[in-house]
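Enquirer: mind looking at a prediction? Sequence and model below.
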Amino acid sequence: MNRDDMKRIILMLKGAFVEFNPPDLTSTIDAYYESLKEYPLASVEYAAMAVMKTARYFPRIADLIGLADKHSSTVERIDPMALHKLEVEMHEQAGPDWLWLAGQYRANGYEDCAKAIERRAAGVRAEWMIE
(Lines give C-alpha, C1' and ligand atoms only; values in the text may rest on other atoms or scores of the structure.)
Protein backbone atom coordinates (compact mmCIF):
# COMPACT_ATOMS: atom_id res chain seq x y z
CA MET A 1 0.00 0.00 0.00
CA ASN A 2 1.27 3.48 -0.76
CA ARG A 3 0.40 6.92 0.60
CA ASP A 4 -1.98 7.68 -2.29
CA ASP A 5 -3.94 4.53 -1.43
CA MET A 6 -4.16 5.68 2.19
CA LYS A 7 -5.26 9.16 1.10
CA ARG A 8 -8.04 7.63 -1.03
CA ILE A 9 -9.18 5.47 1.90
CA ILE A 10 -9.14 8.37 4.38
CA LEU A 11 -11.13 10.56 1.97
CA MET A 12 -13.63 7.73 1.48
CA LEU A 13 -13.98 7.37 5.26
CA LYS A 14 -14.26 11.16 5.63
CA GLY A 15 -17.15 11.08 3.17
CA ALA A 16 -18.89 8.36 5.16
CA PHE A 17 -18.31 10.06 8.51
CA VAL A 18 -19.20 13.65 7.66
CA GLU A 19 -18.72 14.90 11.24
CA PHE A 20 -15.01 14.05 10.97
CA ASN A 21 -13.17 17.29 10.25
CA PRO A 22 -9.53 17.22 11.36
CA PRO A 23 -7.67 20.54 11.51
CA ASP A 24 -4.87 19.10 9.35
CA LEU A 25 -5.94 16.33 6.96
CA THR A 26 -2.38 15.86 5.67
CA SER A 27 -1.13 14.98 9.15
CA THR A 28 -4.03 12.59 9.61
CA ILE A 29 -3.25 10.83 6.34
CA ASP A 30 0.43 10.62 7.29
CA ALA A 31 -0.33 9.15 10.73
CA TYR A 32 -2.68 6.51 9.32
CA TYR A 33 -0.26 5.70 6.49
CA GLU A 34 2.74 5.27 8.80
CA SER A 35 0.72 2.94 11.04
CA LEU A 36 -0.86 0.88 8.26
CA LYS A 37 1.73 0.86 5.46
CA GLU A 38 2.91 -2.66 6.29
CA TYR A 39 -0.55 -4.10 5.62
CA PRO A 40 -1.69 -5.23 2.18
CA LEU A 41 -4.01 -2.76 0.45
CA ALA A 42 -6.78 -5.38 0.33
CA SER A 43 -6.69 -5.75 4.12
CA VAL A 44 -6.86 -2.00 4.77
CA GLU A 45 -9.67 -1.60 2.23
CA TYR A 46 -11.53 -4.45 3.90
CA ALA A 47 -11.08 -2.76 7.27
CA ALA A 48 -12.37 0.57 5.93
CA MET A 49 -15.43 -1.04 4.33
CA ALA A 50 -16.19 -3.00 7.51
CA VAL A 51 -15.93 0.16 9.63
CA MET A 52 -18.27 2.05 7.32
CA LYS A 53 -20.86 -0.71 7.71
CA THR A 54 -20.74 -0.87 11.50
CA ALA A 55 -19.17 2.17 13.17
CA ARG A 56 -20.87 5.41 14.17
CA TYR A 57 -17.66 7.46 14.32
CA PHE A 58 -14.50 7.84 12.28
CA PRO A 59 -12.23 4.88 13.08
CA ARG A 60 -9.11 5.14 15.18
CA ILE A 61 -5.91 3.69 13.75
CA ALA A 62 -6.22 0.78 16.19
CA ASP A 63 -9.70 -0.02 14.83
CA LEU A 64 -8.38 -0.34 11.30
CA ILE A 65 -5.35 -2.35 12.43
CA GLY A 66 -7.57 -4.83 14.27
CA LEU A 67 -9.77 -5.37 11.23
CA ALA A 68 -6.80 -5.47 8.82
CA ASP A 69 -5.14 -8.12 11.03
CA LYS A 70 -8.33 -10.15 10.99
CA HIS A 71 -8.52 -9.92 7.20
CA SER A 72 -4.82 -10.71 6.68
CA SER A 73 -5.09 -13.85 8.76
CA THR A 74 -8.00 -15.15 6.66
CA VAL A 75 -6.33 -14.66 3.28
CA GLU A 76 -4.88 -17.84 1.89
CA ARG A 77 -3.25 -18.78 -1.38
CA ILE A 78 -5.80 -20.32 -3.71
CA ASP A 79 -5.34 -22.01 -7.07
CA PRO A 80 -6.48 -19.69 -9.92
CA MET A 81 -9.02 -22.22 -11.19
CA ALA A 82 -10.45 -22.57 -7.69
CA LEU A 83 -10.82 -18.78 -7.51
CA HIS A 84 -12.67 -18.77 -10.81
CA LYS A 85 -14.93 -21.61 -9.64
CA LEU A 86 -15.63 -19.65 -6.46
CA GLU A 87 -16.54 -16.58 -8.52
CA VAL A 88 -18.97 -18.64 -10.62
CA GLU A 89 -20.59 -20.01 -7.45
CA MET A 90 -20.91 -16.49 -6.01
CA HIS A 91 -22.98 -15.43 -9.03
CA GLU A 92 -25.68 -17.81 -7.79
CA GLN A 93 -25.73 -16.36 -4.26
CA ALA A 94 -27.99 -13.63 -2.97
CA GLY A 95 -25.81 -10.71 -1.84
CA PRO A 96 -22.36 -12.18 -2.54
CA ASP A 97 -19.36 -10.58 -0.84
CA TRP A 98 -17.55 -9.33 -3.94
CA LEU A 99 -15.02 -7.31 -1.91
CA TRP A 100 -13.91 -10.46 -0.12
CA LEU A 101 -13.41 -12.19 -3.47
CA ALA A 102 -11.48 -9.17 -4.78
CA GLY A 103 -9.22 -9.44 -1.74
CA GLN A 104 -8.63 -13.12 -2.50
CA TYR A 105 -7.68 -12.31 -6.10
CA ARG A 106 -5.36 -9.51 -4.95
CA ALA A 107 -3.72 -11.70 -2.29
CA ASN A 108 -3.01 -14.27 -4.95
CA GLY A 109 -1.38 -11.73 -7.27
CA TYR A 110 -4.26 -11.11 -9.68
CA GLU A 111 -4.59 -7.32 -9.40
CA ASP A 112 -6.53 -6.89 -12.67
CA CYS A 113 -9.09 -9.48 -11.61
CA ALA A 114 -9.39 -7.82 -8.21
CA LYS A 115 -10.11 -4.44 -9.83
CA ALA A 116 -12.75 -6.00 -12.10
CA ILE A 117 -14.46 -7.63 -9.10
CA GLU A 118 -14.34 -4.33 -7.17
CA ARG A 119 -16.05 -2.62 -10.11
CA ARG A 120 -18.69 -5.33 -9.99
CA ALA A 121 -19.13 -4.70 -6.26
CA ALA A 122 -19.62 -1.00 -6.98
CA GLY A 123 -22.05 -1.75 -9.81
CA VAL A 124 -19.75 -0.31 -12.47
CA ARG A 125 -19.48 -2.14 -15.75
CA ALA A 126 -16.26 -2.28 -17.73
CA GLU A 127 -16.07 0.37 -20.47
CA TRP A 128 -15.84 -2.23 -23.20
CA MET A 129 -19.11 -3.78 -22.00
CA ILE A 130 -21.08 -0.53 -22.20
CA GLU A 131 -22.71 0.11 -25.53
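Expert: Structure's in. What do you need? Treat the numbers as computed from the prediction; the structure is a model and nothing was measured.

Enquirer: where does the residue nearest the centre of the chain fall, secondary structure wise?
Expert: Nearest to the geometric centre of the chain sits E45, at 2.3 Å (CA atoms, centre = their mean). Taking DSSP states H and E as the definition, one finds E45 inside helix 41-54.

Enquirer: what sits up against the next helix-or-strand element following that helix?
Expert: Reading on from helix 41-54 to the C-terminus, the next helix or strand found by DSSP H and E is helix 61-74. Applying CB atoms under 8 Å, 6 or more residues apart in numbering, the external contacts of helix 61-74 come out as 31-32, 35-36, 39-40, 42-44, 46-48, 50-51, 55, 103. In short, each C-beta sits where N, CA and C put it, glycine included.

Enquirer: what average pLDDT does helix 61-74 get?
Expert: What helix 61-74 shows for mean pLDDT is 86.

Enquirer: stretch 104-122 now?
Expert: 80.

Enquirer: quick check: buried residues in it?
Expert: 104-108, 110, 113-114, 116-121 (16 or more other CB atoms under 10 Å).

Enquirer: on that earlier part again, out of the contacts of helix 61-74, who's nearest E19?
Expert: Checking the contacts of helix 61-74 against E19 by CB to CB gives A55 as the nearest, at 11.9 Å.

Enquirer: quick one: residues contacting the closest one.
Expert: Contacts of A55 by CB under 8 Å, 6+ apart are 17, 63.

Enquirer: for it, grab phi and psi.
Expert: phi -90, psi 160 (degrees, to the nearest 10).

Enquirer: distance of it relative to L67?
Expert: Distance, A55 to L67, using CB to CB, to the nearest Å: 10 Å.

Enquirer: circling back: off-centre distance for the helix holding E45?
Expert: 5 Å (CA atoms, centre = their mean, to the nearest Å).
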